[in-house]
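Chemist: I would like the atomic coordinates for the input below:
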Amino acid sequence: MTLIDTTNHPLTQPHSGEMGVKPNRRLLLIGFAAMAGLAACSTVSVPTGEGAGVSSSATATLAGIRASAGLPALVADTLLEQAALQQAGYMASRERMSHTTGWGKDFASRMKDNGVRGAAAENIAEGRFDQQKLFDIWMHSAGHRRNMLDPDFSRFGLAYVRDGRDGAIRYWSLVLGR
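Modeler: Residues are numbered from 1 along each chain as shown. Take a look at the predicted model:
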């Protein structure tokens, strides 16, 4: 089992510019077709067909962890859960843990692509263990513990995807945000 220490990655809002020239209809269609193609390329398939967003089942566990440090509970968030499921699926498809993807997406760009704004952090894990053991492992790792106890975070999403060759192995991702 391998664990990766994580840090908080603040995200900034991109600056938007305006186009001075109106694009013609043909260019617009080509642009939409290109965006659709890119969206299809970034879709993560679940290798065994079994992946789950399990935020609701982790709410009590995280609430207990944070309460012991005098912090308020986190609220399960579907946007963060989707981002977590996407990364768990990527890791399972590659059979390795990573905060980046094979198509060059780091944590900050993945969060931006998923509509997550503001400070965020990610804990990942891989192994033959259930959710309770997962949180026990993370609580005994300084970086993971720091992420879960960060007072700036109020929301979370948790997901896993099973390994395609060994269904006992799960790839986990926890995304925390404001």
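
Chemist: and the strands in this protein?
Modeler: All strands of the chain, identified by DSSP state E, fall at 2-3, 51-53, 75-76, 120-127, 155-162, 170-177.

Chemist: of the ones you listed, which stretch is the most buried?
Modeler: strand 170-177 (a mean of 27; mean count of other Cβ atoms under 10 Å). Glycine gets a C-beta too; all of them are placed from N, C-alpha and C.

Chemist: strand partners (parallel or antiparallel) of that strand?
Modeler: Sheet pairing for strand 170-177, assigned by DSSP bridges, gives strand 120-127 (antiparallel), strand 155-162 (antiparallel).

Chemist: how far off centre is that strand?
Modeler: Taking Cα atoms, centre = their mean, to the nearest Å, one finds the center of strand 170-177 at 5 Å from the center of the full chain.

Chemist: test my guess that residue 52 contacts residue 160.
Modeler: Yes: assessed by Cβ atoms under 8 Å, residue 52 is found in contact with residue 160 at 6.2 Å.

Chemist: ok, which of the strands paired with strand 170-177 comes nearest residue 80?
Modeler: Nearest of those to residue 80, taken as Cβ to Cβ: strand 155-162 at 3.0 Å.

Chemist: kind regards, and thank you for your time.
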